[in-house]
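Novice: Could you look at this predicted model? Sequence included:
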Amino acid sequence: MFYLNIDTGNTICTTLTSEVSISAPYFFCFKLENEMLGRRKFFCPNNLSTATTRYDIFSVTISGGTEILSGDTISINIPERYQGYWDYTVYEMTQAKYDEFNRVVNTEANFDIWYNKGTDSYGSTLEVGKCLVGSATATTINSEYTYTPSGATSSTTEYVYK
């Protein structure tokens, strides 16, 4: 699990290179998916590690500004209402898949087309886990969700905790 703090630079440290099954050059594609709303974010950061046989380092900023989804420093726009738990998956990518990713990063519609092609579009899964997106000043994280079945009264509201 890793934590991404809003409005500050975050460093993600992993051991992805040791799991790669394709020959160099290769790239990593991260997919974040909001647990509650299913909102997805993709980004392909450059590996900033100088010792990739031991660990990999990526730089990610969560902000309200312009998104930068590939390169040395990633900037992702995640509104405050989406703070909370996200599932993450990291895929390995060939140079050709990375180039394709960079061609389609401009619109959500293109992302959906690219993503829905299947795993051949973004490569083999290297790692899955949880990510907490939040603010250092936040006192609560969205972890309680309510669900009232259609036609039910508020006395039958069900609570789901994650």
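Specialist: Yep, it's here.

Novice: partner residues bridging the residue nearest to the spatial centre of the chain?
Specialist: Centrality entry for the chain: nearest residue to the mean C-alpha point is residue 32, 2.4 Å, by Cα atoms, centre = their mean. Counting by DSSP bridges, residue 32 forms beta bridges with residue 41, residue 88.

Novice: what about it, distance to residue 5?
Specialist: For residue 32, the distance to residue 5 equals 14 Å [Cβ to Cβ, to the nearest Å]. The C-beta positions use only the backbone N, C-alpha and C, and glycine is treated the same way.

Novice: Then residue 132?
Specialist: Computed as Cβ to Cβ, the residue 132 to residue 5 distance reads 9 Å.

Novice: pLDDT of the longest helix seen in the chain, averaged?
Specialist: Taking DSSP state H as the criterion, the chain has its longest helix at helix 95-104. For helix 95-104, the mean per-residue pLDDT is 79.

Novice: picking that back up, what score does the residue nearest to the centre of the chain have for pLDDT?
Specialist: In this model, residue 32 carries a pLDDT of 91.

Novice: circling back: tell me how far the longest helix of the chain lies from the chain's centre.
Specialist: 17 Å (Cα atoms, centre = their mean, to the nearest Å).

Novice: Same check on stretch 25-44?
Specialist: Distance, centroid of stretch 25-44 to centroid of chain: 3 Å (Cα atoms, centre = their mean).

Novice: what's the first-to-last distance across that stretch?
Specialist: In stretch 25-44, first residue to last residue: 14 Å (Cα to Cα, to the nearest Å).

Novice: Just the buried positions in that stretch, please.
Specialist: 26-32, 34-35, 41-44 (16 or more other Cβ atoms under 10 Å).
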